[in-house]
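Colleague: Dropping a prediction and its sequence here:
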Amino acid sequence: MFRTLSLSKQGLSTVGVKCAAVLGSLALLVSVAACGTTDTNTSGSAATASASGASSADPQGYDTSAVTKDPEIAAMLPESITKDGKLTIGADTSYAPGEFLAADGKTPIGFDVDLSRAIAAIFGLKEVTVTSTLDSVIPAVGSKYDIGLSSLTMTPQRMDAVEFVTYFKAGSTYVVKKGNPKGIDPEHLCGQKVAIQTGSTQEELINQANAKCKAEGKDPMQIQSSKMQTDVTTAVATGKADIFYSDTPVAGYAIKQTGDVLQSIGQDVGVTPEAVAIKKGDMATAKAVQRAIQKLMDDGTYKKILDTWGVSSGAIDKAEINPRLD
């Protein structure tokens, strides 16, 4: 489940016409992180762009200005959150299309950001999304941030640290260069160069698989862990890494925005809930967030947000607090 949006020095030093095309595609991905999807609904998007600070060159999100305060739900929040009039949200803004930065390099946009804005509106609060790194979002929930909303996959370990309210579902996808020129098999990654985002669920899974490689006497993976997903994508597109592993919506968006440079490989696996993180033990806030999300689901706003970003395949119809992981 998180800018200075720039390519790595390794990627920029690669030469050749083909690589120049790759970097051109990546520059576009990194400068605006995306150019929208083919099945988006852009009604009211100009108002959203104006309100958020994003420009018309950015992918246009859903206009949440019609979402109004629900006094009953708002009253559920503790004063510790409402007293400053803001809902402060920690997010790793390198994770398009969930949360990423607009062309100005500072304005968060994405479907999670639109959802955050809608939740804040129900509470009668101003949404303030703060850029962080994925591995620092959960530890700061309840202190620096009121909540964390950053494509956070639910895991038993994370559930020990925070309360969760579900709002989405996503699997994991492997991505290689177009045509898979190195013949990478995602079922046999021992000895391969694997790019991964620091603090992600996929990093944990890759580390487990790498431990198995070592235990079986095989060559270990050469794991390249980066704080930002854009650096992970760049590593594979420029040949620094052989393959990366990420949430399915993120993988699909990266592939789309780099043109013919990348492709997915193998089957999407491990469809798991993604959830809002709330301070451990703060059940008042958890219940308020659950009610707010459910209201957005029931009145259709939630689906419109997902449709706008082309990610409605991850929609769920019930927001739950700490559901059991099967």
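Modeller: Thanks, I have it.
Colleague: now the strands for this protein?
Modeller: 86-91, 94-95, 99-101, 108-109, 126-131, 147-148, 162-177, 193-197, 222-226, 243-247, 262-279 (DSSP state E).
Colleague: got the buried residues for stretch 119-130?
Modeller: Judged by neighbour count using 16 or more other CB atoms under 10 Å, the buried positions of stretch 119-130 are 119-125, 127-129. For every residue, glycine as well, the C-beta is placed using N, CA and C.
Colleague: right, so of the strands of the chain, which gets closest to Ile321?
Modeller: Ranking the strands of the chain by distance to Ile321, with CB to CB as the measure, places strand 162-177 first at 5.6 Å.
Colleague: Please save the CA atoms from the closest one in CSV.
Modeller: Provided in CSV are the C-alpha atoms of strand 162-177 (Å, rounded to 0.1, in the frame of the first residue of the first chain):
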residue,chain,number,x,y,z
VAL,A,162,-3.9,-0.8,13.8
GLU,A,163,-7.7,-1.1,13.4
PHE,A,164,-8.8,-1.6,9.8
VAL,A,165,-12.0,-0.6,7.8
THR,A,166,-12.2,-2.3,4.4
TYR,A,167,-13.1,-0.3,1.3
PHE,A,168,-11.5,-2.2,-1.7
LYS,A,169,-10.0,-5.5,-2.8
ALA,A,170,-6.9,-6.2,-4.9
GLY,A,171,-4.6,-9.0,-5.9
SER,A,172,-0.9,-9.1,-6.7
THR,A,173,0.6,-9.1,-10.2
TYR,A,174,4.1,-9.7,-11.6
VAL,A,175,5.4,-7.3,-14.4
VAL,A,176,8.3,-7.8,-16.8
LYS,A,177,9.5,-6.1,-20.0
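Colleague: Any idea what Tyr95 is bridged to?
Modeller: Judged by DSSP bridges, the bridge partners of Tyr95 are Glu99.
Colleague: Quick one: the strands of the chain as TSV, columns for distance to Asp317 and mean pLDDT too.
Modeller: Below are these laid out as TSV (distance: least, CB to CB, whole Å; pLDDT from 0 to 100):
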stretch	distance to Asp317	mean pLDDT
strand 86-91	23	98
strand 94-95	24	90
strand 99-101	23	94
strand 108-109	25	96
strand 126-131	24	98
strand 147-148	21	98
strand 162-177	11	96
strand 193-197	29	97
strand 222-226	35	97
strand 243-247	20	95
strand 262-279	12	93
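Colleague: Those into a markdown table, with extra columns for distance to Ala319?
Modeller: As requested, the strands of the chain are exported to a markdown table (distance: least, CB to CB, whole Å):
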| stretch | distance to Ala319 |
| --- | --- |
| strand 86-91 | 16 |
| strand 94-95 | 21 |
| strand 99-101 | 19 |
| strand 108-109 | 22 |
| strand 126-131 | 18 |
| strand 147-148 | 13 |
| strand 162-177 | 6 |
| strand 193-197 | 26 |
| strand 222-226 | 31 |
| strand 243-247 | 19 |
| strand 262-279 | 9 |
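Colleague: Could you list which residues are in contact with the closest residue in space to Leu125 that isn't next to it in sequence?
Modeller: Nearest residue to Leu125, sequence neighbours excluded (CB to CB, 6 or more residues apart in numbering): Leu87, at 4.3 Å. Applying CB atoms under 8 Å, 6 or more residues apart in numbering, we find Leu87 in contact with 81, 116, 119-120, 123, 125-128, 146-147.
Colleague: do Thr93 as well
Modeller: Contacts of Thr93 by CB under 8 Å, 6+ apart are 2-3, 99-101, 108, 110, 129, 131-132.
Colleague: who does the residue nearest to Leu125 bridge with?
Modeller: Legend: beta-bridge partners of Leu87 under DSSP bridges are Glu127.
Colleague: again, but for the one 4 residues further on
Modeller: With DSSP bridges as the criterion, the beta-bridge partners of Ala91 are Thr131.
Colleague: That one contacts Thr129, correct?
Modeller: Yes: Ala91 is within contact range of Thr129, at 5.2 Å (criterion: CB atoms under 8 Å).
Colleague: Name the residues contacting each of these two.
Modeller: The contact sets of Ala91 and Thr129 overlap at 99, 108, 113, 116, 149 (CB under 8 Å, 6+ apart).
Colleague: Looking at the third one now. What's its pLDDT?
Modeller: pLDDT, the model's per-residue confidence, is 98 for Val113.
Colleague: Contacts only, for it.
Modeller: Val113 touches 52, 61, 91, 99, 127, 129, counting by CB under 8 Å, 6+ apart.
Colleague: Helices of the stretch 1-150 of the chain, start to end?
Modeller: 9-13, 17-32, 45-52, 71-74, 79-82, 111-123, 134-140 (DSSP state H, counting those that start in this stretch).
Colleague: so Ala96 touches Gln257, yeah?
Modeller: Yes: under the criterion of CB under 8 Å, Ala96 makes contact with Gln257 at 7.5 Å.
Colleague: Could you chop the protein up by domain?
Modeller: 45-170+272-314, 171-270 (automatic domain parsing).
Colleague: could you dump those domains to TSV with distance to Leu325?
Modeller: Formatted as TSV, the domains of the chain follow (distance: least, CB to CB, whole Å):
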stretch	distance to Leu325
domain 45-170+272-314	6
domain 171-270	11
